[in-house]
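*Asks:* below: sequence and its predicted model.
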Amino acid sequence: MLSLRAPPRTFSPAPWRRRGRHGRFAAPRCASAAAPAATLETASSPPASLSFPILVNGCTGKMGVSVAEAATKRGLHLVPVSFSSRENLDKTVQIGGTDIEIYGPSAREDVLSSVIDEYPDVVVVDYTAPDSVNSNAELYCNLGVPFVMGTTGGNKQLLYKAVQDSNNYALISPQMGKQVVALLAAMETIAERFPGAYSGYRLEVLESHQAGKLDTSGTAKDMIACFEKLGMSCDMDRIVKIRDPEQQLYMVGVPEEHIGGHAFHLYHMTSPDDSVSLEIQHNVCGRSIYAEGSVDAAVFLYKKVQSMDPKRIYNMIDVLEAGDMR
Ligand SMILES: NC(=O)C1=CN([C@@H]2O[C@H](COP(=O)(O)OP(=O)(O)OC[C@H]3O[C@@H](n4cnc5c(N)ncnc54)[C@H](OP(=O)(O)O)[C@@H]3O)[C@@H](O)[C@H]2O)C=CC1
Ligand SMILES: O=C(O)C1=N[C@H](C(=O)O)C[C@H](O)C1
């Protein structure tokens with residue numbers, strides 16, 4: 001296991017440390033909380049015909065709130081219901097003028113069935129927790145409600161199987177940010193065109209997220225799948241996960257105001273004789289690109305359902321290819 005204290009001779013998290021916050025290769029400046037480069041307010045509303053009901057599951061959490069806000073700003077109809085892993089929470093969350101009622105696990109099936117009766121064309125967007133991915137997907141599939149699964153983790157094979165077996169519509173992606181999705185698409189293309197091109201190279205991966213993130217980056221796992229096709233191997237257990245705010249601030253170079261919400265990724269490749277090294281980084285501050293991408297995903301899926309497209313399972317590369325990402 002790569003350790004921050006005893007890094008291997010040829011590679012350490014030093015790429016981030018070496019560069020420092022203000023060095024030549026410092027992590028890109030992220031918009032500060034006070035002056036965001038792109039705010040959700042700039043998104044314009046979709047045509048009225050595309051204003052459909054959207055239920056965001058996970059509205060007690062950070063992504064749930066961000067997506068619900070973005071959906072409201074785009075003119076979608078936010079269904080005033082969301083779920084929690086906690087029973088008897090008796091809680092309401094106010095988002096963009098809508099009071100969202102939070103229900104516990106024992107009520108979720110009845111409540112969701114009623115929602116579907118009232119809003120037959122509803123699309124669910126799920127931003128809950130890794131250990132809810134499969135049970136939530138089962139529920140959506142059993143009730144036949146189309147869903148966007150933004151939540152990472154869970155058993156991926158079972159997730160796809162549940163959707164396939166039920167013939168439900170779903171869009172599944174661990175990454176909703178347009179520019180990172182484009183990078184993933186490029187990596188998939190390179191891996192398909194040049195399989196084995198990096199045979200024998202060592203791959204080392206570091207990812208830094210807010211302390212509350214429970215799982216290893218799902219995006220890193222998808223990137224690693226491409227690196228593996230290119231001939232590199234990386235044991236998922238050896239991904240260096242940084243969750244400590246001090247390290248994030250002083251070693252990774254995350255701006256202080258984004259310690260509570262960031263996703264920095266670094267992939268470092270080295271040739272067998274150490275004569276060649278390559279690096280890829282994607283560093284995101286805040287959550288707005290995921291929130292906007294999630295609404296793009298919901299709109300895309302809604303259109304697929306309405307047109308009764310025979311294809312049932314999509315990912316964000318499909319949305320990007322369709323030109324449907326803002
Ligand atoms: N695809 C993408 O682009 C992105 C994906 N993510 C992923 O989204 C997920 C959520 O991230 P984030 O919002 O930061 O996490 P948070 O911890 O802030 O929020 C998750 C929320 O889910 C709720 N929750 C947990 N279990 C259930 C359940 N069974 N049913 C309903 N709600 C539940 C929790 O509330 P309670 O305690 O009340 O149950 C919690 O508030 C993570 O898996 C993360 O990796 C994040 C960013 C981008
Ligand atoms: O939990 C997060 O924050 C993020 N999760 C996603 C992942 O696991 O890949 C996407 C991004 O890294 C932010």
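*Replies:* Structure received. Ligands and ions are numbered 1, 2, ... in the order given.
*Asks:* what residues does this structure put near ligand 1?
*Replies:* Taking CB under 6 Å from any ligand atom as the criterion, the chain approaches ligand 1 at residues 57-58, 60-64, 83-86, 127-130, 132, 150-153, 173-176, 212, 290. Where C-beta positions appear, they are placed from N, C-alpha and C, glycine not excepted.
*Asks:* which of these are close to ligand 2?
*Replies:* Taking CB under 6 Å from any ligand atom as the test, ligand 2 is in contact with T152, P174, Q175 out of those.
*Asks:* show only the entries of those found in helices.
*Replies:* With DSSP state H as the criterion, helices contain none of these.
*Asks:* which of those residues are buried, as a ChimeraX select command?
*Replies:* To isolate the buried subset of those in ChimeraX, counting by 16 or more other CB atoms under 10 Å, use the following:
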select :152,174,175
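*Asks:* pLDDT added to the ones next to ligand 2 among the residues of the chain next to ligand 1, as a markdown table?
*Replies:* Rendered in a markdown table, the data for those read as follows (pLDDT from 0 to 100):
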| residue | pLDDT |
| --- | --- |
| T152 | 98 |
| P174 | 98 |
| Q175 | 98 |
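*Asks:* what distance do you get for S106 to ligand 1?
*Replies:* For S106, the distance to ligand 1 under the criterion CB to the nearest ligand atom, to the nearest Å works out to 12 Å.
*Asks:* oh, I was asking about V276
*Replies:* Going from V276 to ligand 1 by CB to the nearest ligand atom gives 32 Å.
*Asks:* on the strand side of things, show who the closest residue in space to that residue that isn't next to it in sequence bridges to.
*Replies:* With CB to CB, 6 or more residues apart in numbering as the measure, T270 is the residue that lies nearest to V276, at 7.2 Å, once sequence neighbours are left out. Beta-bridge pairing of T270 under DSSP bridges involves R202, S277.
*Asks:* what about the strands in the chain?
*Replies:* With DSSP state E, the ranges of strands along the chain come out as 53-57, 77-78, 81-83, 91-95, 98-103, 123-126, 147-149, 170-172, 202-209, 240-242, 262-270, 277-285, 313-314.
*Asks:* most distant residue from the middle of this structure?
*Replies:* The C-alpha centroid of the chain is most remote from D273, which lies 35.6 Å away (CA atoms, centre = their mean).
*Asks:* how far away is that residue from ligand 2?
*Replies:* As defined by CB to the nearest ligand atom, D273 lies at a distance of 32 Å from ligand 2.
*Asks:* please indicate which of the residues of the chain next to ligand 1 are buried?
*Replies:* Buried residues within these, defined by neighbour count using 16+ other CB under 10 Å: 57-58, 60-61, 63-64, 83-84, 127-130, 132, 150-153, 173-176, 290.
*Asks:* need the ones next to ligand 2 among the residues of the chain next to ligand 1 in CSV with distance to E256, can you?
*Replies:* Rendered in CSV, the data for those read as follows (distance: CB to CB, whole Å):
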residue, distance to E256
T152, 25
P174, 26
Q175, 25
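*Asks:* select, out of the strands of the chain, the one closest to L184.
*Replies:* For the strands of the chain, the distance to L184 is smallest for strand 277-285, at 9.2 Å, taking CB to CB.
*Asks:* list the buried ones in that closest one?
*Replies:* Within strand 277-285, the residues that qualify as buried by neighbour count (16+ other CB under 10 Å) are Q281, H282, N283, V284, C285.
*Asks:* check stretch 255-268 too.
*Replies:* Neighbour counts over stretch 255-268 (16+ other CB under 10 Å) mark P255, H258, I259, G261, H262, A263, F264, H265, L266, Y267, H268 as buried.
*Asks:* just the residues you listed that are near ligand 2?
*Replies:* Restricting the buried residues of stretch 255-268 to contacts with ligand 2 (CB under 6 Å from any ligand atom) yields A263.
*Asks:* farthest-separated two in the buried residues of stretch 255-268?
*Replies:* Taking CB to CB as the measure, the buried residues of stretch 255-268 reach their widest spread between G261 and H268, a distance of 24.5 Å.
*Asks:* and the nearest residue to L112 once chain neighbours are set aside, what pLDDT?
*Replies:* In space, L112 comes closest to L143 once its chain neighbours are excluded; the distance is 5.8 Å by CB to CB, 6+ apart. Per-residue confidence for L143 comes out at a pLDDT of 98.
*Asks:* just to revisit the earlier point, Throw the buried residues of stretch 255-268 into JSON lines and include pLDDT, thanks.
*Replies:* Listed next are those as JSON lines, based on pLDDT from 0 to 100:
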{"residue": "P255", "pLDDT": "98"}
{"residue": "H258", "pLDDT": "98"}
{"residue": "I259", "pLDDT": "98"}
{"residue": "G261", "pLDDT": "98"}
{"residue": "H262", "pLDDT": "98"}
{"residue": "A263", "pLDDT": "98"}
{"residue": "F264", "pLDDT": "98"}
{"residue": "H265", "pLDDT": "98"}
{"residue": "L266", "pLDDT": "98"}
{"residue": "Y267", "pLDDT": "98"}
{"residue": "H268", "pLDDT": "97"}
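*Asks:* I am finished for the moment; much appreciated.
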